[in-house]
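Enquirer: Let's see this in three dimensions:
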Amino acid sequence: MLESAPQANAVIDGRSSAFYVRFSRPVDHQDSRLAIKRDGRIIEVLHPRLESAPEVLFARAPTLAPGRYSLHWLVGGSPQADGEIPFTVGSGS
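Expert: Numbers count the residues shown, from 1 in each chain. Take a look at the predicted model:
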């Protein structure tokens with residue numbers, strides 16, 4: 001994993017709905033997954049866009065309430081890889 005939006009430990013605006021993870025090699029978009037977690041539980045499964053760049057998993061999410069979250073990613077195929085990126089949605093004040 002090279003970069004992501006949001007970045008690890010970032011504070012984002014709740015209206016931010018674009019999430020992505022960029023890798024150093026092409027990924028299998030069809031067998032890969034993105035999910036938003038809160039308190040260790042999946043609250044939103046995101047569907048990566050198949051027409052994204054070959055090395056990017058990109059998806060949109062609905063507006064998130066203020067709080068602490070993580071973006072969980074899973075790259076399918078061989079070898080499989082996964083990880084989590086913690087982030088916070090600010091209160092907007």
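
Enquirer: pLDDT at the residue nearest the centre of the chain, what is it?
Expert: For the chain, residue 71 is the residue whose C-alpha lies nearest the centre (Cα atoms, centre = their mean; 4.1 Å). If you check residue 71, the pLDDT there is 96.

Enquirer: Beyond whatever helix or strand it lives in, next helix or strand please.
Expert: Assessed by DSSP states H and E, residue 71 sits inside strand 67-75. The element immediately downstream of strand 67-75 (helix or strand, assigned by DSSP H and E) is strand 81-89.

Enquirer: helices and strands around that following strand, which ones?
Expert: strand 10-12, strand 67-75 (3 or more Cβ pairs under 8 Å, 6 or more residues apart in numbering; DSSP states H and E). C-beta coordinates here come from the backbone N, C-alpha and C atoms, glycine included.

Enquirer: from these, which stretch is densest packed?
Expert: Sort those by mean neighbour count, taking mean count of other Cβ atoms under 10 Å, and strand 67-75 sits at the top with a mean of 18.

Enquirer: Show me what that one is packed against.
Expert: Counting by 3+ Cβ pairs under 8 Å, 6+ apart, strand 67-75 packs on strand 18-22, strand 33-38, strand 81-89.

Enquirer: Any regions of the protein where pLDDT drops low?
Expert: For the chain, applying pLDDT under 70 flags the ranges 78, 92-93.

Enquirer: Verify the contact between residue 13 and residue 89 for me.
Expert: Yes. With contact defined as Cβ atoms under 8 Å, residue 13 reaches residue 89; the gap is 7.5 Å.
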